[in-house]
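**Q** Next comes the sequence, and after it the predicted model I'd like to discuss.
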Amino acid sequence: MADENEVKDPRIDGIKTKIRVVPDFPKKGIMFQDITTLLLDPKAFKDTIDLFVERYRDMNISVVAGEIIFEEYELEYGSDRLEMHVEAVDSGDRALVVDDLIATGGTLSAAMNLLRRVGAEVVECACVIELPELKGRERLEGKPLYVLVEYR
C-alpha cells in the first residue's frame, strides 16, 4: 500500500467498489479478483490510471513493462508463462512493472526476470490489488511495490 504516513486518496474507495470478486474461479477455493468491472467504469478506470500517472510522473521511467522471450512461473492455482518482445525494452531502460493483482508474486517475479535478462532496471512494481496473506511481496527481492487496494 502507499506509505502509512500518506493520507488515503478518496478515489481508492471508488476503485475498490468496482472490483468484482468471483468465488471458486478458476478453481474451488480461489476468490478471483476481477478488474473487468473496474475497466468498464469510466470514472473508476480514469481514477486508477491517474493515481499511477501521478505516482510515476517524476520517476524517470523509460518503459512500462508489457508482455519474444518468455519466463515460466507458478501461480497459486497452477503455472503460466510470460512473453515479451525482445525489442520492447532496451538495456539500461528504467522499467515499471504493472499488473492488476499480486497474490503469490509469481507474475511480477517472472516479469522482473524477463526485464533483467534484457538489461533493464526494474524501478518499482505497481498493482491495483494485493492479497497480502499470500506473501507475494517476499518474491520481489526488495523491490518497492505500490498497491491501490488490499484485500485481507
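**A** Everything's here; your move. The structure displayed is predicted, hence computed values, not measured ones.
**Q** List the contacts of the lowest-mean-pLDDT helix or strand in the chain.
**A** Within the chain, no helix or strand scores below strand 69-75, which has a mean of 72 by mean pLDDT, DSSP states H and E. With C-beta atoms under 8 Å, 6 or more residues apart in numbering as the test, strand 69-75 has contacts from 79-84, 86, 103-104, 106-107, 109-111, 113-114, 117-118. Quick note: C-beta positions are derived from backbone N, CA and C, even for glycine.
**Q** Quick one, which of the residues you listed are buried?
**A** Those of those that meet the buried threshold are 82, 84, 103-104, 106-107, 109-111, 114, 118, by 16 or more other C-beta atoms under 10 Å.
**Q** check which helix or strand covers L114.
**A** If you go by DSSP states H and E, L114 is part of helix 106-117.
**Q** right, I mislabeled it, should have said D58
**A** D58 belongs to no helix or strand, assigned by DSSP H and E.
**Q** contacts for the lengthiest helix in the chain?
**A** Scanning the chain for the helix with the most residues, using DSSP state H, yields helix 42-56. Residues from elsewhere that reach helix 42-56 (C-beta under 8 Å, 6+ apart): 9, 11-12, 14-15, 17-18, 38-39, 96, 98, 124, 126, 128, 146, 148.
**Q** The residues you listed in strands, which ones?
**A** With DSSP state E as the criterion, strands contain 96, 98, 124, 126, 128, 146, 148 from among the contacts of helix 42-56.
**Q** ok, so what distance separates the residue nearest to L145 when sequence neighbours are not counted from F25?
**A** The shortest distance from L145 to any non-neighbouring residue, by C-beta to C-beta, 6 or more residues apart in numbering, is to C125 (4.9 Å). In this view, C125 and F25 are 24 Å apart by C-beta to C-beta, to the nearest Å.
**Q** Only alpha carbons, please: show the longest helix of the chain as PDB.
**A** Below are the C-alpha coordinates for helix 42-56, written out as PDB (Å, rounded to 0.1, in the frame of the first residue of the first chain):
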ATOM      1  CA  PRO A  42     -15.000   5.200 -17.000                       C
ATOM      2  CA  LYS A  43     -14.600   7.200 -13.700                       C
ATOM      3  CA  ALA A  44     -13.000   4.300 -11.700                       C
ATOM      4  CA  PHE A  45     -10.700   3.400 -14.700                       C
ATOM      5  CA  LYS A  46      -9.600   7.000 -15.100                       C
ATOM      6  CA  ASP A  47      -9.000   7.400 -11.400                       C
ATOM      7  CA  THR A  48      -6.900   4.200 -11.400                       C
ATOM      8  CA  ILE A  49      -4.800   5.500 -14.300                       C
ATOM      9  CA  ASP A  50      -4.500   8.900 -12.800                       C
ATOM     10  CA  LEU A  51      -3.200   7.500  -9.500                       C
ATOM     11  CA  PHE A  52      -0.500   5.600 -11.300                       C
ATOM     12  CA  VAL A  53       0.500   8.500 -13.500                       C
ATOM     13  CA  GLU A  54       0.700  10.900 -10.500                       C
ATOM     14  CA  ARG A  55       3.000   8.500  -8.700                       C
ATOM     15  CA  TYR A  56       5.300   7.800 -11.600                       C
END
